[in-house]
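>>> fold the stuff below for me.
(one chain, ligands or ions: 2)
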Amino acid sequence: MKRYFEDEIVNDILKAVDLAKNIVIITHSNPDGDAIGSVTAFEGYLSSRGKESITIVPNQYPDYLSFLDKGKKIHIDEENPDKTKTYMDRADLIVALDFNQLKRVDGLEMHVRESKAVKILIDHHPGPESEAFNFVVSTTEVSSTCELLYWLIKKMDHGSKSAMPYIVAKSLYVGMMTDTNNFSNSVHSSTFKMAYDLLEAGVDKETLQLKVFGGFSEERMRLMGHALLNKMTILKEYGAGFIILTKGDLEQFGYCEGDTEGFVNMPLNIKGVTISALFSEKEDHIRVSLRSSDDFSVNKFSKKYFNGAGHERAAGGKLYIPVGDVPQYFEKSLKAMFDKQKRAQDL
Ligand code: 5GP
Ligand code: MN
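Ligands and ions are numbered 1, 2, ... in the order given. Okay, here's the model as predicted:
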């Protein structure tokens, strides 16, 4: 097994947890399976150590993840920012999960920066904002934050089985399963080892699979059909494909948070397409999702042209242009990126 962290930091984290009286757990905006899986797993883990905690997320998570938040205990900042302030003012330990830069937590950013609490970051994105935290556990060599958390929790309890209640195991499995898009990307040998351990510990993979990938609404399936039939463009010369969903498209199919999850991967199933983008029009911006299945770095692509970042093969960002200008903007950005790569090769 690879080592993702030193023994010393495990002890430091344990000490910080044991000393803390008011623990707040946070994750990034538009939380996905890994975000919600990691916060509910950590909360469950703390609870098994007799520690209470409050989880705060910037905005609502998709409905298909609500089974991980059974008592609806997760506080949504956007819905009650005053309550957030109370929780954050009181916090003496903040545990940040599944994001690298504080700007990814929207309204929570200011509270975290101003807080005097001990701050811990546990994440798997490149380029963590380490200076904003007291302790950082970060590697890109795992599938997900949930996987990293799995190895960390195991280490914290020296591998004892009692330390992993079912809610923790279940949440960790869900985060790993969603971030790998059901074991199809960013899977390492350690990921299978974790999956093996969790299945041995009794995780019911069929039920979780059904809840996460088999719980879509009819509208969502029809939106997917519309997206593929009418809204997808393939740019053969760049090996790229993109889908644009306007507010009108989303309204027509009764869009709910999380309904477009997974759409961005679809163009990659076409032979010759190795770069893919999904643009969804929101109130005041266009949300961008980017994927690649070769060495084209969508992390760099997003940083340069889409006001975002992410991993080498999965990234996101935002655009502030009219939705009608997106096709031209995307093609121009691709061209500039390829020209730049070519120039670099020619040098
Ligand atoms: P998704 O396309 O699934 O929303 O995001 C893919 C990856 O890119 C995720 O790992 C996410 O953390 C990262 N990402 C998504 N949106 C943004 C963004 O606006 N800014 C940054 N820095 N990263 C993002
Ligand atoms: Mn993640």
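
>>> Phe296 contacts Ala277, doesn't it?
No. At 11.6 Å, Phe296 does not count as touching Ala277 under the criterion of CB atoms under 8 Å. Glycine gets a C-beta too; all of them are placed from N, C-alpha and C.

>>> all helices of the stretch 201-347 of the chain, in order?
Remark: helices assigned in the stretch 201-347 of the chain by DSSP state H, counting those that start in this stretch are 205-213, 218-230, 247-252, 298-305, 326-346.

>>> could you list the buried residues of stretch 97-107?
Residues of stretch 97-107 classed as buried: Leu97, Asp98, Phe99, Asn100, Leu102, Arg104, Val105, Asp106 (neighbour count, 16 or more other CB atoms under 10 Å).

>>> number of nearby residues for Arg113?
For Arg113, the neighbour count with other CB atoms under 10 Å is 10.

>>> check what pLDDT it gets.
Per-residue confidence at Arg113 stands at 98 (pLDDT).

>>> which one's more surrounded, Phe296 and Ala277?
Applying other CB under 10 Å to Phe296 and Ala277 shows that Ala277 carries more neighbours, namely 27 against 21.

>>> how much space separates that one from Arg222?
22 Å (CB to CB, to the nearest Å).

>>> from the buried residues of stretch 97-107, which are also near ligand 1?
Contacts with ligand 1 within the buried residues of stretch 97-107, counted by CB under 6 Å from any ligand atom: Arg104.

>>> so what's the closest residue to ligand 2 within the chain up against?
Nearest to ligand 2, among the residues of the chain, is Asp34, at 3.4 Å (CB to the ion). When contacts are counted by CB atoms under 8 Å, 6 or more residues apart in numbering, Asp34 touches Asp98, Ser144, Thr145, Cys146, Gly175, Met176, Thr178, Asp179.

>>> which residues of the stretch 51-200 of the chain lie near ligand 2?
Asp98, Ser144, Thr145, Asp179 (CB under 5 Å from the ion).

>>> let's see that with 8 Å instead.
Asp98, Asp123, His124, His125, Ser144, Thr145, Cys146, Gly175, Asp179 (CB under 8 Å from the ion).

>>> next step: these restricted to strands.
Asp123 (DSSP state E).

>>> most surrounded residue in the residues of the stretch 51-200 of the chain next to ligand 2?
The most crowded member of these, judged by other CB under 10 Å, is Cys146 (34 neighbours).

>>> before we move on, the earlier item: for the buried residues of stretch 97-107, which one is nearest Ala169?
Set against Ala169, the nearest of these by CB to CB is Leu97 (16.6 Å).

>>> no further questions, thank you.
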